[in-house]
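**Student:** turn this into a model:
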Amino acid sequence: MLEILNESDAKRSIYIYSSQMATGLNDESSLFNFVVKEGNGVKGLVDSGLTEVPSLYIQPPHQRIHKQQAAASPENMIIDLSELDGPSHDKVVKAIVHAAETLGFFQVVNHGVPLKLLESLINAAHEFFSQPAEKKATYLKGVSPSPMVNYGTSLVPEKEKVLQWGDFVYMTYTNDADALEFWPNECK
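**Tutor:** Below is the predicted model:
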């Protein structure tokens, strides 16, 4: 385990991780342990100086999105949620399904979430994910002090053939008191 005392130590630590990772990138077991079990996640891979995407993250060609599907116009990927509660409900639902199935993402507009709240969420995510792996690993599935908070990479990495290129933190909201007690301080 590395302890970072100051900025120059942080740079040395990243170099040390990078040196260690360089020899283990082709060993899927070591990579899996580093990313999933030790809680370093995809961010830890990137911070270690990774220059190529490991094979554990590469979809087989037959499961990839086809260029023809991905070439949809941007207008089809913007979904107006203000029409969800009206006569266009089915059209909006179909647009969401189409965007999710063909690209895997879409932009929603007119959702009613205040910009200030969205900015606060982005800041909280940056604060949480910029922490050292040891601190985030406190909330790993199976060891988290609360079933209301889980941190990890991929949804069920032990069963997935290809890992997801991203890290997450799930927090269940039941009431303000539970959130204040169980959620990470960076996310309250």
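**Student:** how near is Val149 to Asn123?
**Tutor:** From Val149 across to Asn123, the span is 18 Å (Cβ to Cβ, to the nearest Å). In this view, the C-beta of every residue, glycine as well, is placed from N, C-alpha and C.
**Student:** the two: which has the busier surroundings?
**Tutor:** Between Val149 and Asn123, counted using other Cβ atoms under 10 Å, the more crowded position is Val149 (20 against 11).
**Student:** which residues sit against stretch 105-116?
**Tutor:** Stretch 105-116 is contacted from outside by Met77, Ile78, Ile79, Asp80, Leu81, Ser82, Ala95, Ile96, Ala99, Ala100, using Cβ atoms under 8 Å, 6 or more residues apart in numbering.
**Student:** list the contacts for the third one?
**Tutor:** With contacts defined as Cβ under 8 Å, 6+ apart, the neighbours of Ile79 are Val92, Ala95, Ile96, Ala99, Phe106, Gln107, Val108, Val109.
**Student:** redo those as CSV? Include pLDDT, neighbour count and secondary structure.
**Tutor:** Formatted as CSV, the contacts of Ile79 follow (pLDDT from 0 to 100; neighbours: other Cβ atoms under 10 Å; DSSP: H, G, I helix; E, B strand; the rest coil):
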residue, pLDDT, neighbour count, secondary structure
Val92, 94, 18, helix
Ala95, 90, 18, helix
Ile96, 91, 15, helix
Ala99, 85, 19, helix
Phe106, 88, 15, coil
Gln107, 91, 10, strand
Val108, 93, 16, strand
Val109, 94, 9, strand
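**Student:** phi first, then psi, for Phe128.
**Tutor:** phi -70, psi -50 (degrees, to the nearest 10).
**Student:** whoops, Asp167 was the one
**Tutor:** The phi/psi pair for Asp167 (degrees, to the nearest 10) is phi -120, psi 160.
**Student:** can you tell me the closest non-neighbouring residue to it?
**Tutor:** Gly41 (3.8 Å; Cβ to Cβ, 6 or more residues apart in numbering).
**Student:** from memory that neighbour sits against Gly152, does it?
**Tutor:** Yes. Counting by Cβ atoms under 8 Å, Gly41 does reach Gly152; the two are 7.4 Å apart.
**Student:** okay, and the common contacts of those two?
**Tutor:** Residues touching both Gly41 and Gly152 by Cβ under 8 Å, 6+ apart: Asp167.
**Student:** any idea how far Ala124 is from Val169?
**Tutor:** 10 Å.
**Student:** what sits in contact with each of those two?
**Tutor:** Jointly contacting Ala124 and Val169 under the rule Cβ under 8 Å, 6+ apart are Cys187.
**Student:** spit out the contact partners of the spatially most central residue of the chain.
**Tutor:** By Cα atoms, centre = their mean, the chain has its centre lying nearest to Asp167, at 2.9 Å. Applying Cβ under 8 Å, 6+ apart to Asp167 gives the contacts Gly41, Val42, Lys43, Phe129, Tyr151, Gly152, Thr153.
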